[in-house]
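Engineer: what follows is a predicted protein model with its sequence.
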Amino acid sequence: MKKNVSPWLHQLDKDRPHVALQKDLKTDVVIIGAGIAGVATAFFTLKHTDKRVVILERFRLAHGATGHNAGQVVSYFERGFAGLVEEFGLKMAAEGEAAVESAWELLDEMYTEASLDIPFSRFIGHAGLTSYAQIQWHLKDNLLRRKAGGLGVRKIMIAENADFVHDIPQEYRHLYELVPQKEILQVLETDMTDFVAAISVQKGCINSALFCQEVIRYLHKKYEDRFSLYEHTPVHKVLLRQDHAILDAEVCEVRAERVVLCTNGFESIHILNESGLDIDAKYHHLLYGKIGYMSGYVETMNKPPAAMSYYTTPTATFETPYFYLTRRPYEYEKGAKHNLISIGGPEKNIEEGGRYAFEDDFPDEAEEQIDTFIRKVYAVEPNKKIDYVFTWHGLMGYTKNGVRLIGVEPKNRVLLYNLGCNGIGILPSVFGGRKVAALLAGVTLPPSIFDIPASGTNVTALVSPNTASMKSPA
């Protein structure tokens with residue numbers, strides 16, 4: 001068993017002071033959670049309103065899922081576009097996908113305004129498919145994207161020697177390209193001939209924990225009179241009244257006009273709605289948890305940044321497992337640059353009321369699964385000794401239908417949400433921060449796929465993980 005050691009936290013400033021809340025306070029907006037969602041929400045709220053903003057973090061800045069993720073920046077949903085169309089209709093599904101796509105520009109905006117110089121790589125990433133069933137999912141997605149208009153159609157390469165090529169319906173013919181299989185294996189950096197197709201799309205790599213640290217420094221400097229971050233300040237209870245909220249923050253009390261939940265949904269927060277219907281039970285049923293396990297090793301920096309996903313299991317369902325790999329420059333030893341190869345894939349579901357602790361050791365089984373994958377699929381020497389200097393795990397909050405929850409709580413508008421990473425959290429979190437800021441500024445927004453269900457009945461009626469469309473790997 002190894003310790004939970006994240007490469008992203010390894011790069012944070014160990015001397016940065018951590019201030020805990022020591023006295024009662026009153027503010028306009030309280031954000032619960034200091035990960036990428038909370039930091040983005042604070043950034044855009046401070047920029048687009050004149051409100052006073054306080055972030056409360058139960059542990060330390062970016063030490064939750066933001067500091068224990070894979071670090072990939074991607075703009076798709078874990079579930080396929082066709083599934084979104086089936087649930088929300090073509091127009092709203094297309095608007096939702098375009099909204100997350102717009103977060104590339106929002107991330108650039110944060111990066112530029114905060115004058116950041118931390119590494120942020122952008123490139124074309126790839127995903128490998130091993131079955132006709134998987135290819136069909138993505139051809140259907142492409143057809144619907146073309147029908148919607150305004151959405152980019154993703155590049156799909158299919159091996160010209162695949163035995164199902166003549167079975168592909170004619171309606172899809174303009175949505176893919178037949179190529180020699182060696183081209184597919186080349187972009188996937190593998191010799192495994194099971195891969196018969198590859199999807200290519202814009203991806204990126206960033207240390208989102210380091211990004212949060214540097215944005216917080218900018219916010220402290222830029223909005224010294226309107227912004228505060230308090231760490232080691234858990235919130236145990238939120239009492240919602242008609243026009244404000246009272247928060248029980250350990251030994252202190254916080255009064256705020258609005259509260260924004262930017263957590264993974266598994267903190268021990270009790271929500272009491274004094275002005276109407278119950279919210280607490282609904283909130284705790286909105287999400288289910290998954291623990292993601294990842295390992296990393298360093299090697300010579302002789303290849304460009306990359307991000308790949310590998311569907312080695314040929315099924316095409318929402319629960320189809322896959323492995324993902326990123327390669328990016330990394331300064332492990334001071335002054336010495338390497339490439340860091342990060343691999344993830346093994347997951348574990350957490351049932352409601354289940355336990356997760358960042359202090360738990362990294363299971364040997366997960367490391368063995370990752371090592372088996374890397375030797376079987378990724379192009380490494382068969383007998384190469386791999387020193388996994390990092391092994392880490394993180395808790396991810398999944399919504400019941402795989403769509404992030406962003407917006408106002410219908411039962412009490414004092415409460416807002418920006419949560420539910422669904423395995424892909426950076427860009428949706430940033431978009432969510434901008435949308436919440438607009439709502440806090442009083443902007444009226446049209447209905448969207450991200451809206452909060454109006455009742456507990458609607459929550460339980462959302463698409464279950466076992467019946468939803470296949471995860472989108474590209």
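Structural biologist: Yep, it's here. Residues are numbered from 1 along each chain as shown.
Engineer: pull the longest helix from this structure.
Structural biologist: helix 132-148 (DSSP state H).
Engineer: do a quick rundown of the strands in the stretch 151-300 of the chain.
Structural biologist: Secondary structure of the stretch 151-300 of the chain (DSSP state E, counting those that start in this stretch): strands at 155-159, 177-179, 197-206, 227-230, 237-240, 245-249, 252-261, 270-273, 287-299.
Engineer: mean pLDDT, mean neighbour count and distance to Val54 for the ones you listed - can I get that in TSV?
Structural biologist: Yep, even glycine has a C-beta here, placed from its N, CA and C like the rest. Formatted as TSV, the strands of the stretch 151-300 of the chain follow (pLDDT from 0 to 100; neighbours: other Cβ atoms under 10 Å; distance: least, Cβ to Cβ, whole Å):
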stretch	mean pLDDT	mean neighbour count	distance to Val54
strand 155-159	97	20	45
strand 177-179	98	13	52
strand 197-206	95	22	26
strand 227-230	98	21	5
strand 237-240	95	20	14
strand 245-249	96	20	10
strand 252-261	97	21	7
strand 270-273	92	18	18
strand 287-299	91	22	24
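Engineer: which one, of those strands, ends up nearest to Ile32?
Structural biologist: Ranking the strands of the stretch 151-300 of the chain by proximity to Ile32 (Cβ to Cβ) places strand 252-261 first, at 5.4 Å.
Engineer: distance to Val414 added to the strands of the stretch 151-300 of the chain, as CSV?
Structural biologist: Output for these, formatted as CSV (distance: least, Cβ to Cβ, whole Å):
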stretch, distance to Val414
strand 155-159, 45
strand 177-179, 52
strand 197-206, 33
strand 227-230, 20
strand 237-240, 5
strand 245-249, 5
strand 252-261, 6
strand 270-273, 9
strand 287-299, 20
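Engineer: which positions within the longest helix of the chain qualify as buried?
Structural biologist: For helix 132-148, burial by neighbour count (16 or more other Cβ atoms under 10 Å) applies to 132, 134-145, 148.
Engineer: pLDDT averaged over it, what's the number?
Structural biologist: Confidence for helix 132-148, expressed as mean pLDDT, is 95.
Engineer: which helices and strands does that helix pack with?
Structural biologist: Counting contacts by 3 or more Cβ pairs under 8 Å, 6 or more residues apart in numbering; DSSP states H and E, helix 132-148 packs against helix 81-88, helix 90-101, strand 155-159, strand 197-206.
Engineer: now the angle between helix 81-88 and that helix, please.
Structural biologist: 60 degrees (axes from the mean of the first three to the mean of the last three Cα atoms, to 10 degrees).
Engineer: next one: helix 132-148 to chain centre, how far?
Structural biologist: Averaging C-alpha positions (Cα atoms, centre = their mean, to the nearest Å) puts helix 132-148 23 Å from its chain's average.
Engineer: now it - C-alpha only, CSV.
Structural biologist: Extracted C-alpha coordinates of helix 132-148, given in CSV (Å, rounded to 0.1, in the frame of the first residue of the first chain):
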residue,chain,number,x,y,z
TYR,A,132,-18.4,-1.2,-33.8
ALA,A,133,-20.9,-0.5,-31.1
GLN,A,134,-18.7,2.3,-29.6
ILE,A,135,-18.2,3.8,-33.1
GLN,A,136,-21.9,3.8,-33.7
TRP,A,137,-22.5,5.8,-30.5
HIS,A,138,-20.1,8.5,-31.7
LEU,A,139,-21.3,8.6,-35.3
LYS,A,140,-24.8,9.2,-34.0
ASP,A,141,-23.5,12.0,-31.8
ASN,A,142,-21.8,13.5,-34.8
LEU,A,143,-24.9,13.3,-36.9
LEU,A,144,-26.9,15.2,-34.3
ARG,A,145,-24.2,17.8,-33.9
ARG,A,146,-24.3,18.4,-37.6
LYS,A,147,-28.1,18.7,-37.4
ALA,A,148,-28.0,21.1,-34.5
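Engineer: I appreciate the help and will end here.
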